[in-house]
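In: all I have is the shape, not the residue letters:
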Ligand SMILES: Nc1ncnc2c1ncn2[C@@H]1O[C@H](COP(=O)(O)OP(=O)(O)OP(=O)(O)O)[C@@H](O)[C@H]1O
């Protein structure tokens, strides 16, 4: 579970997050929505411990996000909007490389599980330079899933991907169980298809809705239908 209480973040005189309080629970897929510049990255960076929390508190699975205590880091995985893969390496080699960056030895069973979950097992021995954008994104997702963290933070996971590729990613997200997922999105159709909730950020304030509640209101800033 993600729990944020009275979080304030500002840059100079500009308040970006103003007394934000929200909880995101297990088995929820919560879309993080707001106009460009609303503070979505600031919120995500706060959750990941990349921006120090000076006012307010964040806890991840009951563990406070602080620099001193790093145990919470093992329970949260993050897929940035843009990430680097090695084009000359195969999908499997890329996965192994990233697995070995976090652990001494890559766990081949977990690699297989992650690649199968994104339907890339059959393409594991293909060089990544021949992957489509959708396949690249699914490989990024597999690298994120490898850690088997209970909390996933996904930054615009379908950005720049064609409708078919997007559908495949959404299918992967729908197939995940017992996770707490926060994904930033500008697409109303994908929010409708996979999300249970919406965290709407507007002028520093954050409100949480069920998707149905959100669709019934006029809070459509930062959204494409
Ligand atoms: N390091 C920083 N220094 C100063 N201002 C910043 C910094 N990071 C973000 N900001 C400002 O904070 C506000 C929120 O930025 P943020 O990147 O969190 O928004 P966002 O919702 O993620 O935007 P986008 O949808 O364009 O990615 C913006 O006005 C931005 O210019």
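Out: Arrived safely, thanks for sending. Since the structure is predicted, the reported quantities are computational estimates derived from the model, not experimental observations. Numbers count the residues shown, from 1 in each chain.
In: and the protein, which of its residues are near the ligand?
Out: Selection of the chain residues close to the ligand by C-beta under 6 Å from any ligand atom yields 11, 16, 34, 36-42. Every residue, glycine included, has its C-beta placed from N, CA and C.
In: those residues in strands, which ones?
Out: 11, 16 (DSSP state E).
In: among the residues of the chain next to the ligand, who's most crowded?
Out: residue 39 (26 neighbours; other C-beta atoms under 10 Å).
In: and the residue nearest to that residue when sequence neighbours are not counted, what does it touch?
Out: In space, and not counting its chain neighbours, residue 39 is closest to residue 16: 4.2 Å by C-beta to C-beta, 6 or more residues apart in numbering. Counting by C-beta atoms under 8 Å, 6 or more residues apart in numbering, residue 16 touches 9-10, 39, 42, 204.
In: separation between residue 16 and residue 7?
Out: To residue 7, residue 16 is 10 Å away according to C-beta to C-beta, to the nearest Å.
In: do the same with residue 97
Out: Distance from residue 97 to residue 7, counting by C-beta to C-beta: 35 Å.
In: between those two, who's got more neighbours?
Out: Of the pair residue 97 and residue 7, residue 7 is the one with more neighbours under other C-beta under 10 Å, namely 22 against 14.
In: contacts for the helix or strand in which the more buried one is found next, please.
Out: Element membership for residue 7 (DSSP states H and E) is strand 2-11. Applying C-beta under 8 Å, 6+ apart, the contact partners of strand 2-11 are 15-24, 39, 42-43, 46-47, 51, 53-60, 151, 180, 182.
In: each with direction, which strands does that strand pair with?
Out: strand 14-24 (antiparallel), strand 55-60 (antiparallel) (DSSP bridges).
In: quick one: average confidence on that strand?
Out: What strand 2-11 shows for mean pLDDT is 96.
In: again with stretch 126-146
Out: Across stretch 126-146, pLDDT averages out at 96.
In: ok now it, how far from the chain's centre?
Out: Remark: stretch 126-146 is offset 16 Å from the chain centroid, using C-alpha atoms, centre = their mean, to the nearest Å.
In: stretch 175-195 now?
Out: In terms of C-alpha atoms, centre = their mean, the centre of stretch 175-195 is found 9 Å from the chain centre.
In: span of it from start to end?
Out: 12 Å (C-alpha to C-alpha, to the nearest Å).
In: 64 is where my numbering starts, stick with that
Out: OK, 64 is where the count begins now, so the last one is stretch 238-258.
In: about what we covered before: distance from the strand holding residue 70 to the middle of the chain?
Out: Centre to centre, stretch against its chain (C-alpha atoms, centre = their mean), the figure for strand 65-74 is 18 Å.
In: do you have the strands of the chain handy? List them.
Out: Here the chain has its strands, by DSSP E, at 65-74, 77-87, 92-96, 118-123, 126-127, 139-142, 214-218, 243-247, 260-265, 268-273.
In: and these, which one is worst for confidence?
Out: strand 126-127 - the lowest mean pLDDT of those, at a mean of 88.
In: excluding chain neighbours, give the residue nearest to residue 157 in space.
Out: Nearest to residue 157 is residue 148, by C-beta to C-beta, 6+ apart, at 5.2 Å.
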